[in-house]
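Participant: quick one: sequence and predicted model below, then my questions.
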Amino acid sequence: MYVRRVLSRTVRLLVLARCRPHARTIHDSKAAFEDEELLESHPLVDTFGRQHTYLRISLTEKCSFRCLYCMPEEGVELTPKEKLLTAEEIVQLAQLFVSCGVRKIRLTGGEPLVRGDAVHIVANLSKIPGVEAVAMTTNGLVLSKKIPALKSAGLTHLNISLDTLVPAKFEFITRRRGWHIVRESIERALESGFTAVKVNCVVMKGFNEEEINDFVSLTEHRDLEVRFIEYMPFDGNKWKNSKLFPFKDMLSTVQIRWPQIQRIKGEPNDTAKVYKVPGWSGRVGFITSMTEHFCGSCNRLRITADGNLKVCLFGANEVSLRDALRGGCSTEEMMEIIGRAVKKKKLMHAGMDELFKMKNRPMILIGG
């Protein structure tokens, strides 16, 4: 019965969802659906009424950097190639999720551009009817030379990771060289006409919190959003509460230097609190996963490089879509598997101390 309800009502659900697509809270999400039975049967709506329209897909577990907060010091055991999703499987799964209401797809890693067919995957994802944005999060090391091909393939949004503006500190945090190359990639991306270019900066107390205002200064003459991310615990990254530089301290640091900075209205379901210095070209965002979570408006799902669906970044529960796909499951059966996983999504993730103790993958094996 569950499968039949999903199939017969998917189109009606999508129509209803589009009537009120910008729900910010759990209450608003439920209000977007006029039929509670439809709410319960939609595979991408959880039991709290959150509609999931954003899919993050990790293309690879490999990366050219070894960032301390992402890669355990001892390294990780990589999944054998034959157990990773193929390009065709990635597109096939994406088509399934888009048919259920996903509108934005982000490609992550590891480093997604390590994968030789990354541009090919972008091109095929951008052609799926219903996809409104194809984004990528990259470390920027090989990005510069691939920007023209990515732009032509249909990539719309770019996030580039950069945690310091000091080359020596860059080598410490990444355990690799390449700071100048990444900085060049950011400038090239800004010149290339993407819908949005953002810089992701993980803030760690005692390492780079004193650089916050230097990063903010990058937004004066650039149409760039710098995003400061609270340091989060994952397996092997030696997270400590003492390393956390919380949002309120980040914002205070910026306000002391630029008291005129203003909060601006963000997009529905945005993960970041966005600010802007009046008259400046760019923006500043704060991702406050640890101190002020945004679980109530979460619209994101993740697929790991080895094909597991994670309904929460911090949740250990996963379901293998790869095995279901390779096992010959029909579209209807795949929808049922996805729907059951989404319905198990919790209201919110655990607190900081609990997250630190919980078993989860290292960040590099989840997809940043």
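Facilitator: It's in. Numbering: from 1, shown residues only.

Participant: low-confidence regions, the stretch 151-300 of the chain specifically.
Facilitator: Residue ranges of the stretch 151-300 of the chain with pLDDT under 70: 233-240, 294.

Participant: let's see 80
Facilitator: For the stretch 151-300 of the chain, applying pLDDT under 80 flags the ranges 232-242, 267-268, 293-294.

Participant: quick one, helices of it?
Facilitator: Applying DSSP state H, counting those that start in this stretch to the stretch 151-300 of the chain gives helices spanning 167-174, 179-191, 212-217, 247-257.

Participant: can you tell which of these is closest to Ala305?
Facilitator: Minimum separation from Ala305 across these (Cβ to Cβ) falls at helix 167-174, 20.2 Å. Every residue, glycine included, has its C-beta placed from N, CA and C.

Participant: who's in contact with that closest one?
Facilitator: The contact list for helix 167-174 (Cβ atoms under 8 Å, 6 or more residues apart in numbering) reads 65-69, 139, 162-164, 177-180, 182, 207-208.

Participant: what angle do it and helix 179-191 make?
Facilitator: Angle, helix 167-174 to helix 179-191, by axes from the mean of the first three to the mean of the last three Cα atoms, to 10 degrees: 90 degrees.

Participant: quick one: helix 167-174 to chain centroid distance?
Facilitator: Counting by Cα atoms, centre = their mean, to the nearest Å, helix 167-174 is centred 24 Å from the centre of its parent chain.

Participant: that older thread, buried subset of the contacts of helix 167-174?
Facilitator: Among the contacts of helix 167-174, the ones that count as buried by 16 or more other Cβ atoms under 10 Å are 65, 67-69, 139, 162-164, 178-179, 182, 207-208.

Participant: nearest to Tyr54, out of those: which one, please.
Facilitator: When those are ranked by distance to Tyr54 (Cβ to Cβ), Asn139 comes first, at 21.4 Å.

Participant: thought that closest one was touching Ser64?
Facilitator: Yes: proximity of Asn139 to Ser64 meets the contact threshold set by Cβ atoms under 8 Å, at 6.6 Å.

Participant: where do the contact lists of those two overlap?
Facilitator: Residues touching both Asn139 and Ser64 (Cβ under 8 Å, 6+ apart) are Glu111.

Participant: now do Leu107: how many residues are near it, please.
Facilitator: Leu107 has 25 neighbours, counted by other Cβ atoms under 10 Å.

Participant: can you name the residues bridging to the closest residue to it other than its chain neighbours?
Facilitator: Nearest non-adjacent residue to Leu107, counting by Cβ to Cβ, 6 or more residues apart in numbering: Met136, 4.7 Å away. Beta-bridge pairing of Met136 under DSSP bridges involves Leu107, Leu158.
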